[in-house]
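**Q** here is a sequence together with a model predicted from it:
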Amino acid sequence: MRPWRLEFRLCPVLWSAASPGLYGRHRRENLADVARRRKNPVRTAIQSVSEQQRAPLCLSWAEVKGKNQASAHRIGGKAGSLLWLVHHGFPVPEWSALTGAFWQRFLEQSGLKADAEGLLQGLPDSSAGRGEMDADQLRKLERFRRRIQRQAWSPALLAEFHQVVQPLLKNGPIAVRSSGALEDMDQASFAGQYETILNVESFGEAVRAVARCWASAFQPGVLTYARDKGLPLAKMEMAVLLQRMVQAKSAGVLFSVNPMSGRDDEVLIEACRGLGDSLVTGTVDPSRYLYHWRGDNQTGKVQSLENGSSENPILSGQQVKTLAQIAVSIQAQRGRPVDVEWAWDHNGLWILQSRPITRIHFGGIEGEWTTADLKDGGVSSGACTPLMASLYQEVFNDSLPAYLDGVGLTAPKKEEQPWMRVFAGRPYWNVGYTKQRLQRLPGFHERRFDQDLGIAIPYSGEGRCTPTTPFNLARGLMVLARMKKSFRKRLAKNPAMAPGFNRQIQHFERLALPYLPDRDLAAETLSILQRLHPRIEKEYFYTIYDNSNAQTLFQEKLNQLYRKGGDESAPKQETLELLGGLENLSHLRPLHEEISLARNLKRNAAVMSWWRRNDDEALYRQWQNGEWFPGRARLEDYLQAYRHLAAHTLELQCPRWEEDPRPVFASLRRRLFNSVPEDPANSENRRQFLQKRAFHFRQAHCNKRIAALPPVLRNYWRRSFRKSLETTRDLLWWREEMRSLSTRVYYQIRRFCLEFGRRQVQNGILNRAEDVFFLNRASLCQWLRSGKTPYSLDRKLQLNQLYYRGFQEFAYPDEIGKRFDPSTTGQDQIQMPDSSAATMEGIAGSPGQCEGTARVISSLEQASRIQNGDILVTRFTDPGWTTYFSHLAGVITETGGVLSHAAVIARECGFPAVLALKDATHRIPDGARIQLDGGSGTVRVLEEQAA
């Protein structure tokens, strides 16, 4: 179906004089009859509508069909959603709307506006607690609702209303529904809070129904719901939706993701006979159907005895399938899970309403799953293509259990689940299995483990802890010895393997793909996917595991040293500074070379003048055309060295710098022309100098503590502490070095797969070269090996793309599983931060204090808003953020730990960082003046102001 273009027409402003009792004394009479008998200006108003200057008071069905959706203005969440559905070709019954401007005009003309504002201001806001309204407030609300319903409309408003409602009434009864400005939001649906009036048959009934909808905005339940969600009551403008009634044979609601179990490819459908209002109000028990849309089969049905029987079901199998397909289609277009109200009449299926699902339970998902450390790594920073997810899954599922077995942490019982799975389009790893194995160590402390990784805590107290018994202690000593052996092997193996890995990558880099025969291209692509990638990625993952364990052991040794001196534990800042001051980190090399490039360009005034005259797009055009410009030679060298980098290096669909260098141009221009108080290179060098000085100071401080130990312990502690510190720092350096090798491999995977995809487009098999990313590794390798097109290729691609698109805009939870679902744990909710606290506390990630402007940014695409000296506040960072770090005074993330990418880079850049500050992007206002202490992990909002 062809999408319709939508926009508003302007409705007339006739006059503001009220007409008391116009519809009150003639409730069932047609407006034209009233005008004819009373000989007042209403009829003239109706006739002159098209001749007046119009204001956005109404939206008619004709305008909905014929105009552009971008013009949607003040029609509320529900009508806005319907407008979107019409625009995208979904079957929606005819409708019109009264905008929020109509509501405001009514309040002004009736003299109720000031009373409404005063009434709302008199109610407690969300920061005043969640107590019940007192009796006086309830009485005031009741009186005001009655005033709204009794108040007469002006002839001008009646004329406007008649224009949009009469064409609908000619075709039968209508439904009058609220469409609040804050309704059907991602975090607040207001489902069932406002008024809906069905089977409205006359103009007078429609006027009264609209008044009831307006009055419902002042229901205590509505205001309490808004207050508890932290929504501003002053912005609760009310539009009204007028929709043709569907004489339904069956109706109900559906959920594109099962909200009770959390299964992300299972549609839940609830159905009843006749209109769906009885289902929504809970007066009937619906029949429920479950449909697994990726498997194309119905997985369950609960037939209500009240509504049907097995011989006479409410929905046929084909109807269930059709409903599931339309649910998935809407979800894919929206980019997030939705619930949909639907009705089926003799003409077919109609969509009555669609809104985001605001709450999904995960009680149906066994185990404990988290994205901790995967968002900072990038693979879970957004929806992940099947190829990328399968590459990560296969290596992780093999490497982590093998590593734990190797150090003696064997499984206490048979493990039937994988170690990594995809939920909501993102990889999650099995933290439940990890904890089961770690619990075999004496001194395991679950709360400390979760806090170190930034994992949500769904339990009270300290969680699972392992006591120190002789048997546990013996096992612990064995595991400790094996871990230290693993550290030594890793530090010997990585330097020996890295040159060989580099040579293998260079072999693939030298190949001119367009000139390779098909057979050679397939063979080389298979070599990358089946040999090079698993080898390098496994060694990278083993380095991560060793680094994490080495840091844990070092932290414990540092605490032991402080306890011997009479302290409870080492200060947070001590650990951070001992892990800082690393030299030549792989992910900082591009940043340092960019700073050097900018410094050289700044030395020549003529060069700077040219760069000032040409914006990013002009520069890009000259680059594409091969034209010379000042600095091109050095820029080419820079891009050649780092052509494998991208904004999202673990998103295979994301173009690399070799393909699209515009991010580099933008970053370089910002470095050239932003006002900086000192030379960026000098600033960077000073930061690194201070970081190294802090490291040497802390090291000397620890040596003094060791020197104060009894002589019998002194030599042992000097050797073991130095060895533990060096091992931890070396493994941390190698983790970043192996990450760089991994990034280069993913660049080659993108190159070779895209070339294979282009050839399949030429052969008429694929529509786009990028479609290859929507096959998993096994399917793609089978295709490359056999040369035969996979069975049901189009079907696989369609399902995988629908799944991927359906979660692109979804604010997914960081942890899922039964234990994180309050409905199964018996706890009210997972422990959440106090949004009104003056001081917010996260994990200390990089030491130092700073004060500056908070720049709240939801994604890397918004990073151009960053100004020099800002404090970045975001959900997480991945390697694509690195070039922006030199502009920052500090960073705050909602995820991550001491060893996360953000923490490591912040320490080496020399600015403070606070990590795992839950809900930071909502608790800290954009543009606010804040104070950050990276050593203690605290943040204070000093002054709220506009960005």
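**A** Perfect, thanks for sending it.

**Q** counting contacts, what elements does the helix or strand hosting Trp103 pack onto?
**A** Assigned by DSSP states H and E, Trp103 belongs to helix 100-110. Taking 3 or more Cβ pairs under 8 Å, 6 or more residues apart in numbering; DSSP states H and E as contact, the helices and strands that helix 100-110 lies on are helix 113-121, helix 155-169, strand 238-244. (C-beta placed from N, C-alpha, C; glycine too.)

**Q** need the winner for burial among the ones you listed.
**A** strand 238-244 (a mean of 27; mean count of other Cβ atoms under 10 Å).

**Q** worst mean pLDDT among the helices and strands packed on helix 100-110?
**A** For the helices and strands packed on helix 100-110, mean pLDDT drops lowest on helix 113-121, to a mean of 79.

**Q** name the SS class of Gln782, please.
**A** Secondary structure state of Gln782, per DSSP: H, G, I helix; E, B strand; the rest coil, is helix.

**Q** from Leu784, how far off is the nearest residue to it once chain neighbours are set aside?
**A** Closest residue to Gln782 apart from its sequence neighbours, by Cβ to Cβ, 6 or more residues apart in numbering: Pro790 at 6.6 Å. Distance of Pro790 to Leu784, computed by Cβ to Cβ, to the nearest Å: 11 Å.

**Q** also Ile905?
**A** 37 Å.

**Q** Glu195 too?
**A** Distance, Glu195 to Leu784, using Cβ to Cβ: 60 Å.

**Q** before we move on, what about Val407?
**A** Val407 is 36 Å from Leu784, where distance means Cβ to Cβ.

**Q** show me the shaky parts of the stretch 551-700 of the chain.
**A** Applying pLDDT under 70 to the stretch 551-700 of the chain flags the ranges 675-685.

**Q** now do 50
**A** Along the stretch 551-700 of the chain, segments meeting pLDDT under 50 span 676-678, 680-681.

**Q** ok, which stretches of it are helices?
**A** Assigned by DSSP state H, counting those that start in this stretch, the helices in the stretch 551-700 of the chain fall at 572-578, 589-602, 605-613, 616-624, 632-641, 662-673, 680-707.

**Q** packing partners of the longest one?
**A** So that's helix 680-707. helix 533-564, helix 572-578, helix 589-602, helix 711-762, helix 901-909.

**Q** so which of the ones you listed is the most surrounded?
**A** Comparing those by mean neighbour count (mean count of other Cβ under 10 Å), helix 901-909 ranks first with a mean of 26.

**Q** so which residues make contact with it?
**A** Helix 901-909 is contacted by residues 376-377, 576, 579-582, 585, 587-588, 591, 684, 687-688, 691, 732, 736, 845-847, 876-879, 881-882, 885-886, 888, 890-891, 893, 896-897, 912-913, 915, 934 when judged by Cβ atoms under 8 Å, 6 or more residues apart in numbering.

**Q** just the residues you listed: which are in strands?
**A** With DSSP state E as the criterion, strands contain 845-846, 888, 890-891, 893, 913, 915 from among these.

**Q** using CSV, lay out the helices and strands packed on helix 100-110 together with distance to Tyr620.
**A** As requested, those are exported to CSV (distance: least, Cβ to Cβ, whole Å):
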stretch, distance to Tyr620
helix 113-121, 51
helix 155-169, 48
strand 238-244, 43
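
**Q** so which elements touch the helix or strand harbouring Gln318?
**A** Here Gln318, judged by DSSP H and E, is contained in helix 317-334. Contacts defined by 3+ Cβ pairs under 8 Å, 6+ apart place helix 317-334 against strand 250-255, strand 266-273, strand 287-292, strand 297-302, strand 338-345, strand 348-356, helix 793-805.

**Q** what average pLDDT does the last one get?
**A** If you average the pLDDT over helix 793-805, you get 95.

**Q** do the fifth one as well
**A** The average pLDDT within strand 338-345 is 94.

**Q** helix/strand/coil for the residue nearest the centre of the chain?
**A** Nearest to the geometric centre of the chain sits Ala811, at 3.5 Å (Cα atoms, centre = their mean). Of the three states, Ala811 takes coil under three-state DSSP.

**Q** how close does the spatially closest residue to Arg929 that is not a sequence neighbour sit to Arg355?
**A** Leaving out its chain neighbours, the residue that sits closest to Arg929 by Cβ to Cβ, 6+ apart is Glu943, at 4.1 Å. Glu943 sits 36 Å away from Arg355, going by Cβ to Cβ.

**Q** looking at these two, which has the bigger crowd around it?
**A** Each of Glu943 and Arg355 has its neighbours counted (other Cβ atoms under 10 Å); Arg355 has more, 20 against 10.

**Q** what are the bridge partners for that one, then?
**A** Per DSSP bridges, the residues bridged to Arg355 are Asp339.

**Q** where do the strands sit along the stretch 51-200 of the chain?
**A** When assigned using DSSP state E, counting those that start in this stretch, the strands of the stretch 51-200 of the chain occupy the ranges 54-55, 58-59, 95-98, 174-180, 196-200.
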